[in-house]
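>>> here is my input, please return the structure:
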Amino acid sequence: MEEAGIRYRQGEAEARRDLIEVARGAMGFRVGERECQKGLGTFERMALRYRKERKKTMAAKKILMLVGDFVEDYEAMVPFQVLTMVGHTVHAVCPDKKAGETVRTAVHDFEGDEGRGHNFAINATFEEVGPEAYDGLVIPGGRAPDLLRLNGRVLDIVRHFAKANKPIAAICRGLQVLAAAGVVEGKLCTAFPAIKRDLVQAGAKWGEVNATFSNAYVDGNLVTAAAWPGHPEWMRKFLELLGTKIEP
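Residues are numbered from 1 along each chain as shown. Purely as a prediction, here's the structure:
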């Protein structure tokens, strides 16, 4: 009986070590042999650690979006819906507008035409939001950035995100706001080609736009794209910076 008990305990210990080795690979961090020898208690602590890290990584974030009248329709609607879909909270704000109001959007093709888009709902009041409460910033393009970049508080908000190294996603003419805020110096970024000079004069490194306008660039906390065809890559990279993982 004593010999059988010894074999049982040996088998149990081996099973625990095997379980921990599996956990080591599945959880994405190293576990030393000494930890493995501690058995089930260590595994439980590892599981708790994994849950804490996963919760930290996958936690819903608060995103601020800066818009204005004649923001590009796709570039406001699509990121708002994508970020909301994966569980984040997005607050769209516009200077001089309150929650419940709307901005008019515009639809742009690549032949110089502009069409009337949807009314895009503002769901937070610009004067009441504090950038400290948010984890990331989105700046769509269109014609709205022409006026947004003249608003001192808008520029202060942008500077907060840049100084705090929080993720910033800007697209198309939205980078005019970044240039006006003085936060692109030394950064590799792209935008609608018409504002290349604005960015270069602000000290940015220009990232070439591909033939389909579908590419995006990441430099530190900044993710940029040239226009709405780049949404998939732009949003994918922004979600990565936010720590959001989408697995099959």
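
>>> okay, CA-based contacts and neighbour counts for the rest of this
Noted.

>>> show me the domain layout of this structure.
Following automatic domain parsing, one finds the domains of the chain at 2-58, 62-242.

>>> mind listing residues that contact stretch 202-222?
Applying C-alpha atoms under 8 Å, 6 or more residues apart in numbering, the contact partners of stretch 202-222 are 162, 165-170, 179-180, 182, 184-191, 193, 196, 199-200, 223-234, 237, 241.

>>> cool, and stretch 61-69?
Residues from elsewhere that reach stretch 61-69 (C-alpha under 8 Å, 6+ apart): 76, 87-95, 103-105, 131, 133-140, 143-145, 147-148, 242.

>>> export that stretch as CSV, just CAs?
Output in CSV follows, covering the C-alpha atoms of stretch 61-69 (Å, rounded to 0.1, in the frame of the first residue of the first chain):
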residue,chain,number,x,y,z
LYS,A,61,-11.3,51.3,-23.2
LYS,A,62,-12.7,54.8,-23.5
ILE,A,63,-12.1,56.5,-26.8
LEU,A,64,-12.5,60.2,-27.7
MET,A,65,-13.4,61.1,-31.2
LEU,A,66,-13.1,64.7,-32.5
VAL,A,67,-15.6,65.6,-35.2
GLY,A,68,-17.2,68.7,-36.8
ASP,A,69,-19.6,69.6,-39.6
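
>>> now that stretch: how far from the chain's centre is it?
12 Å (C-alpha atoms, centre = their mean, to the nearest Å).

>>> coming back round to it: with mean pLDDT added, can I get the domains of the chain in TSV?
TSV is the format used below for these (pLDDT from 0 to 100):
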stretch	mean pLDDT
domain 2-58	48
domain 62-242	94
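
>>> can you list the ones you listed in a markdown table and add mean neighbour count and distance to Pro248?
Below are these laid out as a markdown table (neighbours: other C-alpha atoms under 10 Å; distance: least, C-alpha to C-alpha, whole Å):
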| stretch | mean neighbour count | distance to Pro248 |
| --- | --- | --- |
| domain 2-58 | 14 | 15 |
| domain 62-242 | 19 | 14 |
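
>>> returning to what we had before: so which of the contacts of stretch 202-222 are in helices?
Residues of these located in helices (DSSP state H): 162, 179-180, 196, 199-200, 231-234, 237, 241.

>>> ok, which stretches of this protein are strands?
For the chain, strands defined by DSSP state E occupy the ranges 62-66, 71-72, 89-93, 102-108, 114-121, 136-139, 168-171, 188-189, 205-206, 216-219, 222-225.

>>> these: which one's closest to Phe80?
strand 89-93 (6.5 Å; C-alpha to C-alpha).

>>> does anything pack onto the closest one? Which helices or strands?
The elements that strand 89-93 packs onto, with contact taken as 3 or more C-alpha pairs under 8 Å, 6 or more residues apart in numbering; DSSP states H and E, are strand 62-66, helix 73-85.

>>> partner strands of that strand, parallel or antiparallel?
In the sheet, strand 89-93 lines up against strand 62-66 (parallel) (DSSP bridges).
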